[in-house]
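Engineer: Mind folding the following:
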Amino acid sequence: MKLILDETVFNDRLFVNYLLEKQIKTYLPALAYLEYIRQHLKKGNTTSMVDAFLTELKVEVVPLSSEQAQEAALMDEADYKTSTVAATSLLMKTILITQKPDTYPKLDQVKTPETLLKK
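Structural biologist: Numbering: from 1, shown residues only. All right, here's what the predicted structure looks like:
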């Protein structure tokens with residue numbers, strides 16, 4: 001199983017513990033990574049703290065490719081982050097994990113951390 005995460009899932013302690021325990025391929029698209037870093041910089045944290053946390057969770061940051069940008073543009077969404085996260089999930093054929101599933105109406109494979117943990 002491969003998972004694409006958006007930055008909203010890192011506030012869910014149970015899900016974070018799940019990621020620490022399991023050997024699951026997890027990815028964070030570049031724009032979600034940017035947003036996550038931005039949130040932490042506002043709190044006074046450093047980028048190296050964010051990177052250490054993601055490394056501990058074995059989360060790989062996925063650079064934005066031209067193919068992802070093209071797919072995101074075709075979605076015609078106003079929010080670039082949302083469309084690039086969705087495009088990354090579609091192209092990588094993964095399940096997208098988010099606290100805000102209604103943000104991604106064009107994807108079939110969207111779950112919240114809670115629904116993933118219940119299975």
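Engineer: Tell me the helix or strand right after the helix or strand in which residue 52 is found.
Structural biologist: If you go by DSSP states H and E, residue 52 is part of helix 47-57. Scanning forward in sequence from helix 47-57 by DSSP H and E, the next helix or strand is strand 59-62.
Engineer: name the helices or strands packed onto the next helix or strand after that following strand?
Structural biologist: Beyond strand 59-62 in the direction of the C-terminus, DSSP H and E gives the next helix or strand as helix 66-75. Helix 66-75 is packed against helix 80-92, with contacts defined by 3 or more CB pairs under 8 Å, 6 or more residues apart in numbering; DSSP states H and E. For glycine as for every other residue, the C-beta is placed from the backbone atoms N, C-alpha and C.
Engineer: ok, and for the helix it packs on, which residues are buried?
Structural biologist: 81-92 (16 or more other CB atoms under 10 Å).
Engineer: Run the angle between it and helix 66-75 for me.
Structural biologist: For helix 80-92 against helix 66-75, the angle by axes from the mean of the first three to the mean of the last three CA atoms, to 10 degrees is 120 degrees.
Engineer: so what does helix 80-92 touch, helix or strand wise?
Structural biologist: strand 2-5, strand 25-29, helix 30-42, helix 66-75, strand 95-97.
Engineer: which secondary structure element contains the spatially most distant residue from the centre of the chain?
Structural biologist: Most distant from the centre of the chain: residue 44, at 22.0 Å, with distances by CA atoms, centre = their mean. Using DSSP H and E, residue 44 maps to neither a helix nor a strand.
Engineer: Tell me who's in contact with it.
Structural biologist: Shown in contact with residue 44 (CB atoms under 8 Å, 6 or more residues apart in numbering): no residues.
Engineer: how about the helices and strands packed on helix 80-92, which one is nearest residue 110?
Structural biologist: Closest of the helices and strands packed on helix 80-92 to residue 110 is strand 95-97, at 4.8 Å (criterion: CB to CB).
Engineer: Return the set of buried residues in stretch 69-78.
Structural biologist: Neighbour counts over stretch 69-78 (16+ other CB under 10 Å) mark 71-72, 75, 77 as buried.
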